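Enquirer: With the sequence up front, the predicted model follows.
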Amino acid sequence: MAQAGGSEVYPVRLEIDIPERSGRFWAIPLLGLLAKAIVLIPHLLILYVLGLAIEVCQLVIWIWVLFGGRYPRWAYGLVSGYMRWYVRVGAFFLGLTDRYPPFQM
């Protein structure tokens, strides 16, 4: 997609602010990653089950899109909420933020 000025506009934008103070415990190379992996187990379990449910929903949604011509609003909210949650968990695990991700989509 190109704008009139010639610059491209991307449909997805990710912005992560650099924290003012970082937690030093999370920065310990192996120990920090292991601790984050343990702390994120509830998120990962919920995201796994939710991901399976979304895969099953996609089997129905593609028919809706094929014959209806649009992505259903409920499905868009479900999939985009899952993706936002997944990105927040990934950003915490990779050290891009020190804020623990909330349990919501």
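Expert: Thanks, I have it.
Enquirer: Now do stretch 72-84, average pLDDT.
Expert: Stretch 72-84 comes out with an average pLDDT of 92.
Enquirer: Can you give me the buried ones in that stretch?
Expert: Neighbour counts over stretch 72-84 (16 or more other Cβ atoms under 10 Å) mark 75, 78-79, 82 as buried. The C-beta positions use only the backbone N, C-alpha and C, and glycine is treated the same way.
Enquirer: Please pull out the lowest mean pLDDT helix or strand from this protein.
Expert: Using mean pLDDT, DSSP states H and E, helix 29-39 stands out as the lowest-scoring helix or strand of the chain, at a mean of 88.
Enquirer: State the next helix or strand along the chain beyond it.
Expert: Downstream of helix 29-39, the first helix or strand assigned by DSSP states H and E is helix 41-68.
Enquirer: Please list the residues outside the helix or strand following that next one that contact it.
Expert: As assigned by DSSP H and E, the chain's next helix or strand after helix 41-68 is helix 73-93. Residues outside helix 73-93 that contact it (Cβ atoms under 8 Å, 6 or more residues apart in numbering) are 14, 16, 33, 36-37, 40, 43-44, 47, 50-51, 54, 57, 61, 64, 97-102, 104-105.
Enquirer: can you do 7 Å?
Expert: Helix 73-93 is contacted from outside by 14, 16, 36, 40, 43, 47, 50-51, 54, 57, 61, 97, 99-101, 105, using Cβ atoms under 7 Å, 6 or more residues apart in numbering.
Enquirer: between those residues, which is closest to Phe25?
Expert: Lowest distance from Phe25 to these (Cβ to Cβ) belongs to Lys36, with 9.8 Å.
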